[in-house]
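A structural model of the following input is requested.
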Amino acid sequence: MKKISILGSTGSIGTQTLDVVRNIEGFEVKALSTNKNIDLLEKQIEEFHPKKVAVMDEEKAYELKKRIGSKIEILKGLEGLIEIAVMDEIDTLVTSVVGVIGLIPTYKAIQNKKNIALANKETLVTAGKIIMEEAKKNNVSIYPVDSEHSAIFQCLQGNPLNPVSRLILTASGGPFRSKSLKELENVTVKEALKHPNWEMGAKITIDSATMMNKGLEVIEARWLFDVELNKIEVLIHPQSIIHSMVEFEDGSIIAQMGEPDMRLPIQYALTYPKRVKNNWPKVNFAERNLLSFENPDLSVFKCLQLAYDALKIGGSMPAVLNAANEVAVDKFLKKEIAFLDIPRIIQDVMDKHELVENPSLSDIVNVDDWARKICKTR
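Sure, this is the predicted structure:
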């Protein structure tokens, strides 16, 4: 019986993780967390009977306490997230919160020798070197949950990493794949949230529309697979059937394919190295008879170029990129800025940053706070 704790159980990845738990035997949910969605969390408590839950919003934590009394331990704030990340009763932490808030709990979990099913991009984007070194020191496995990184992880099974010549991350291109800059000037929040293939949370859906999501994945891949930027490529694949590919030095390419369903990579992260039968949709190649590819237009999708730049610069710059993007996306979702203001604001904050070449974890937290403050004035 694998015993798990889920950071962000009421979000898109968290709810799909619980769907995997419902449909596959062998899991026991020991802890759950939410930011504010205590209505859904209460339902999850009734179904999965965790030992502890954490609520980031303190007022919501008190409200939940009033509702359910003392039948379960209710924690609050970042301290609560950390506590359910390191609890003795678990062996695996699923990190599916959105944002840099997942960094410290994940780091603490690794120090406490918990394996990580990683869906929180920001952990490796902001502190990839630190996280991977700590995982190695503590003999902890990090299993990627993102469909693209899971695909690469699967393609590498049984193949030593040395002969790899390219990691090819595929991207759907989002809702604006064929749009020009002129056409993107007046896009609405509703249009940006209409992803053609995936059902995801609001922030990651906007990141897909700007292609920042793919830029963050490039940074993640650099650390997760210990591969330099010049060996990581992005290729637009609108059908989202090939989730990513690995090219080896002899020219052979191995691809991982499947319907666009996040439950598949979640399941693999939780059941690795076993593959377990499920009832998820399977690819019908007679119906899916077209797989097409194209290069991303960096003059249109400037966020992808900014991610490349941040990784090349290194040090604290990816943390600045990430923080500025989070704030800019939030501003766009609140209709305070236009869609094309997102990369403009990120670039502005990156230009103002004084680089920390070898940041510590506290440096990254400070840089994140600085970038958010600057970004909010833009």
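
can you give me phi and psi for residue 166?
When quoted as degrees, to the nearest 10, the phi and psi of residue 166 stand at phi -150, psi 140.

typo on my end, it should be residue 159
With angles defined as degrees, to the nearest 10, residue 159 sits at phi -120, psi 120.

Excluding chain neighbours, what is closest to it?
residue 248 (6.9 Å; C-beta to C-beta, 6 or more residues apart in numbering). The C-beta positions use only the backbone N, C-alpha and C, and glycine is treated the same way.

Number of residues surrounding that neighbour?
18 (other C-beta atoms under 10 Å).

now it, which residues is it bridged with?
Beta bridges link residue 248 to residue 164 when assigned by DSSP bridges.

which residues does the nearest residue to residue 58 once chain neighbours are set aside bridge with?
Closest residue in space to residue 58, ignoring its immediate chain neighbours: residue 76 at 4.9 Å, by C-beta to C-beta, 6+ apart. Residue 76 forms beta bridges with residue 55, as assigned by DSSP bridges.

these two touch, right, residue 76 and residue 63?
No - counting by C-beta atoms under 8 Å, residue 76 sits too far from residue 63 to count as a contact (10.9 Å).

Show me which of these two is the more surrounded one.
Neighbours per residue (other C-beta under 10 Å) separate residue 76 from residue 63, with residue 76 holding more: 20 against 14.

quick one: pLDDT of the more buried one?
Predicted confidence (pLDDT) at residue 76: the value is 95.

Then residue 218?
pLDDT at residue 218 comes out at 98.

and it, how many neighbours does it have?
Around residue 218 there are 21 residues (other C-beta under 10 Å).

now swap in the one 3 residues further on and tell me
If you count neighbours by other C-beta under 10 Å, residue 221 ends up with 26.

Surely it is within a strand?
No - secondary structure of residue 221 (DSSP: H, G, I helix; E, B strand; the rest coil): helix, not part of a strand.

quick one: it and residue 48, what's the gap?
Separation of residue 221 from residue 48 (C-beta to C-beta, to the nearest Å): 32 Å.

next one: residue 170
According to C-beta to C-beta, residue 170 and residue 48 sit 33 Å apart.

So between those two, which is more surrounded?
Of the pair residue 170 and residue 48, residue 170 is the one with more neighbours under other C-beta under 10 Å, namely 26 against 18.

Give the closest residue to the more buried one in space, chain neighbours not counted.
residue 237 (4.1 Å).

What segments of the stretch 201-350 of the chain are strands?
Along the stretch 201-350 of the chain, counting by DSSP state E, counting those that start in this stretch, strands occupy 232-236, 242-248, 253-257.

cool, and the stretch 1-150 of the chain?
Under DSSP E, counting those that start in this stretch, the stretch 1-150 of the chain gives strands at 2-7, 27-34, 52-55, 73-76, 92-95, 115-118, 142-144.

Counting by contacts, list what the longest one packs against.
The reference is to strand 27-34. Packing contacts for strand 27-34, counted by 3 or more C-beta pairs under 8 Å, 6 or more residues apart in numbering; DSSP states H and E, involve strand 2-7, helix 12-23, helix 38-48, strand 52-55, helix 77-86.

I'd like the ones you listed written out as JSON lines, with distance to residue 157 added.
Output for the helices and strands packed on strand 27-34, formatted as JSON lines (distance: least, C-beta to C-beta, whole Å):
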{"stretch": "strand 2-7", "distance to residue 157": "19"}
{"stretch": "helix 12-23", "distance to residue 157": "20"}
{"stretch": "helix 38-48", "distance to residue 157": "30"}
{"stretch": "strand 52-55", "distance to residue 157": "34"}
{"stretch": "helix 77-86", "distance to residue 157": "27"}
